[in-house]
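> 3D model of this:
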Amino acid sequence: MQFMEFNRRLESCHLDEETKYLLTHLFEVLTENAKQMDVMAGLMNAFANTLQGITTLHESTQERLKDLTQERHAEVRSVREEF
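Model (predicted):
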């Protein structure tokens, strides 16, 4: 609900001015909190995506490191076999 709609409905109620003020303030605070929560959810989503990228990079790096450190077996025929 938009603020103007809230104000219109509030004016049609039979409440004293202090109660209307408190309800208007509460509406503004809740609206601002909802906006902040949306921003925070976006930040958390971006953070999760960054962590996923780091995890993928780490796995890729580990695979490359494993390939580089594997022992390579070479056949040496120039060495004389002793019995």
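
> Least confident secondary structure element in the protein?
When each helix and strand of the chain is scored by mean pLDDT, DSSP states H and E, helix 3-12 comes last, with a mean of 88.

> mind listing what's buried in that helix?
Within helix 3-12, no residue qualifies as buried by neighbour count (16 or more other CB atoms under 10 Å). Backbone N, C-alpha and C define where each C-beta goes, glycine included.

> Give the rounded mean pLDDT of the helix or strand where residue 37 lies.
Assessed by DSSP states H and E, residue 37 sits inside helix 17-69. For helix 17-69, mean pLDDT rounds to 93.

> from the chain's centre, how far out does the least confident helix or strand of the chain sit?
Distance of helix 3-12 from the chain centroid (CA atoms, centre = their mean, to the nearest Å) equals 36 Å.

> now could you export just the CA positions of that helix as CSV?
This file holds the C-alpha atoms of helix 3-12, laid out as CSV (Å, rounded to 0.1, in the frame of the first residue of the first chain):
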residue,chain,number,x,y,z
PHE,A,3,1.6,6.2,1.7
MET,A,4,-1.1,8.3,0.1
GLU,A,5,-3.5,5.4,0.2
PHE,A,6,-2.7,4.8,3.8
ASN,A,7,-3.2,8.4,4.6
ARG,A,8,-6.6,8.5,2.8
ARG,A,9,-7.8,5.4,4.8
LEU,A,10,-6.5,6.9,8.0
GLU,A,11,-8.4,10.1,7.5
SER,A,12,-11.6,8.2,7.1
